[in-house]
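In: quick one: sequence and predicted model below, then my questions.
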Amino acid sequence: MPTPTSKRGLLLVNLGTPDAPQTGPVRRYLREFLNDPRVIDIHPLGRWALLNFIILPMRPAKSAEAYRKIWMKEGSPLLVYSQALAAQVAERLAGEYEVVLAMRYGSPSIPDGIAALKARGVSEFTVLPLYPQEAASSTASSLARTYEVLAQSWDVPFVRAVPAFFEHPGFLDAFTAVARPVIDDARADYVLFSFHGLPERHMRKSDPTGTHCLSTASCCDAMTDANRHCYRAQSYATARGLAQRLGLPAEGWSVSFQSRLGRTPWVKPYTDVVLPELAKKGVKRLAVMCPAFVADCLETLEEIGLRAREQFLEAGGESLTLVPSLNAHPAWVDAVVRMVRESDGPPTAVAGPLASAREPIPPR
Ligand SMILES: C=CC1=C(C)c2cc3[nH]c(cc4nc(cc5[nH]c(cc1n2)c(C)c5CCC(=O)O)C(CCC(=O)O)=C4C)c(C)c3C=C
Ligand SMILES: [Fe+2]
Ligand SMILES: [Fe+2]
């Protein structure tokens with residue numbers, strides 16, 4: 001067990017972003033990101049070919065152009081907002097935790113973050129993956145990399161992980177506080193909750209029962225033992241929690257999934273299919289919330305704020321208002337502080353990259 005004098009460190013981990021909105025840095029970022037077997041989960045040779053012959057020759061230039069449209073003078077929005085959050089959380093947890101931000105891909109890297117915490121004398125680690133709903137390609141990849149790096153030291157430190165917070169009241173209240181005035185100002189007649197998508201294959205692989213996920217149209221309508229780690233079920237739970245807090249009528253909101261890549265089926269319904277359908281149904285003033293992201297980024301600002309908006313207007317809608325993400329909103333800072341303190345139980349020893357962050361290693 002840690003001694004009472006052991007110093008605690010909090011590693012906030014988000015996905016990562018390129019260093020600059022130019023083709024070269026975007027290519028470097030995409031290469032690292034899409035080389036992750038939890039992101040593109042095919043045979044390594046197939047992944048190598050897909051990356052080097054299909055994705056990396058063309059996509060970086062197109063993505064760099066998209067990044068340029070949303071880049072801030074301080075840098076990439078994802079990094080700027082995540083740093084602002086980390087600074088606020090550090091202030092609030094001063095004396096309890098040393099706080100550092102790391103990115104799963106790109107910089108500041110997870111090894112850099114862990115080294116920074118160790119340099120401040122930290123011997124007990126808490127990791128908070130900044131993804132509300134858990135997925136192998138986001139949460140598990142971030143945890144696995146953190147464990148892998150921590151496990152490289154001779155004396156492996158103690159570590160805790162803050163679980164996915166898809167229905168944590170602090171998270172839902174914070175998003176509600178951000179959204180309510182925006183939705184009111186926009187006089188929105190409908191709210192679309194657009195989550196980052198995933199290949200259907202990923203969902204099936206994450207299903208511990210092997211039979212539940214995507215088996216029926218209603219398999220994600222309620223949280224059950226069988227789907228409690230299912231990204232889609234967690235997304236619907238987040239949407240229900242937000243709709244209820246915002247007082248939305250059942251016919252005034254729905255869920256969709258964005259950002260698909262490649263030709264394999266991704267989780268449906270697709271945002272870019274739903275948008276014209278909503279316009280056709282008579283929705284005029286649409287508000288879109290993206291509650292799979294806690295910081296504004298390419299996927300919110302460009303994909304929804306620019307491209308989806310254009311698509312909805314072309315289909316006959318009057319306005320599409322993107323609800324900003326949580327970024328460093330005070331209610332979100334409160335929620336993060338609360339989740340970290342709630343996770344403050346006995347730590348779990350790191351057993352390697354496959355160790356579960358949730359369940360302590362059972363006694364032998
Ligand atoms: C197979 C491809 C992808 C999977 C699976 C995936 C899962 C996933 N991603 C996020 C969060 C973010 N993704 C972002 C960008 C992004 N995502 C993919 C592909 C997959 N994501 C690509 C190729 C890109 C890069 C941009 C592009 O070229 O289109 C971002 C934004 C990063 C930024 O710099 O702003 C975030 C955030 C989650 C949470 C997730 C699993 C649920
Ligand atoms: Fe993504
Ligand atoms: Fe499921």
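Out: The structure has been received and is ready for your questions. Ligands and ions are numbered 1, 2, ... in the order given.
In: quick one: the helices in the stretch 51-200 of the chain?
Out: For the stretch 51-200 of the chain, the helices defined by DSSP state H, counting those that start in this stretch cover 56-70, 77-92, 110-119, 141-150, 169-186, 200-205.
In: name the element Pro291 belongs to?
Out: Counting by DSSP states H and E, no helix or strand carries Pro291.
In: the one 3 residues further on now?
Out: Following DSSP H and E, there is no helix or strand that holds Val294.
In: looking at it, it is touching Leu128, isn't it?
Out: No - if you go by CB atoms under 8 Å, Val294 and Leu128 don't touch, sitting 10.3 Å apart. Bear in mind the C-beta positions are built from the backbone N, C-alpha and C, glycine included.
In: more neighbours, the two?
Out: Val294 (28 against 22; other CB atoms under 10 Å).
In: so what's that one up against?
Out: Counting by CB atoms under 8 Å, 6 or more residues apart in numbering, Val294 touches Asn14, Leu85, Leu130, Tyr131, Pro132, Ser325, Leu326, Asn327, Trp332.
In: which ones are touching the fourth one?
Out: Contact partners of Tyr131, counting by CB under 8 Å, 6+ apart, are Leu15, Ser138, Thr139, Ser142, Ala164, Ala292, Val294.
In: now do the strands in the stretch 151-300 of the chain.
Out: Remark: strands assigned in the stretch 151-300 of the chain by DSSP state E, counting those that start in this stretch are 158-161, 190-196, 253-258, 285-289.
In: okay if I get these as CSV plus mean neighbour count and distance to ligand 3?
Out: CSV is the format used below for the strands of the stretch 151-300 of the chain (neighbours: other CB atoms under 10 Å; distance: least, CB to the ion, whole Å):
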stretch, mean neighbour count, distance to ligand 3
strand 158-161, 22, 22
strand 190-196, 26, 13
strand 253-258, 21, 12
strand 285-289, 24, 21
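In: and the ones you listed: which comes nearest Val178?
Out: strand 285-289 (8.8 Å; CB to CB).
In: neighbours around the residue of the stretch 51-200 of the chain found nearest ligand 3, how many?
Out: Ligand 3 sits closest to Glu200 of the stretch 51-200 of the chain, with a gap of 9.7 Å, by CB to the ion. A total of 16 residues lie near Glu200 under the criterion other CB under 10 Å.
In: sorry, back to before: can you sort out which of the contacts of Tyr131 also neighbour ligand 1?
Out: Leu15, Ser138, Ala292 (CB under 6 Å from any ligand atom).
In: can you verify my assumption that His329 contacts Ala174?
Out: Yes - counting by CB under 8 Å, Ala174 is a contact partner of His329 at 6.0 Å.
In: got the residues of the stretch 1-150 of the chain near ligand 1?
Out: So far as CB under 6 Å from any ligand atom goes, the stretch 1-150 of the chain lies against ligand 1 at Leu15, Thr17, Val39, Ile40, Arg59, Ser63, Ser76, Leu78, Tyr131, Ala135, Ser137, Ser138.
In: distance check, the fifth one against Asp36.
Out: With distances taken as CB to CB, to the nearest Å, Arg59 is found 16 Å from Asp36.
In: next up, the contacts around Glu299.
Out: By CB under 8 Å, 6+ apart, Glu299 lies in contact with His196, Gln258, Ser259, Cys290, Phe293.
In: likewise Asp189?
Out: So Asp189 contacts Gly252, Val283, Lys284, Arg285, Leu286 (CB under 8 Å, 6+ apart).
In: mind running it again at 10 Å?
Out: Residues near Asp189 by CB atoms under 10 Å, 6 or more residues apart in numbering: Gly252, Leu278, Gly282, Val283, Lys284, Arg285, Leu286, Ala287, Gly317, Glu318, Ser319.
In: which single residue of the stretch 201-350 of the chain ends up nearest ligand 1?
Out: Cys297 (3.1 Å; CB to the nearest ligand atom).
In: residues from the chain in reach of ligand 3?
Out: Cys213, Asn227, Cys230, Arg232, Ala233 (CB under 5 Å from the ion).
In: without its sequence neighbours, what residue ends up closest to the first one?
Out: Nearest-residue entry for Cys213: Asp207, 3.7 Å, with adjacent residues in sequence omitted and distances by CB to CB, 6 or more residues apart in numbering.
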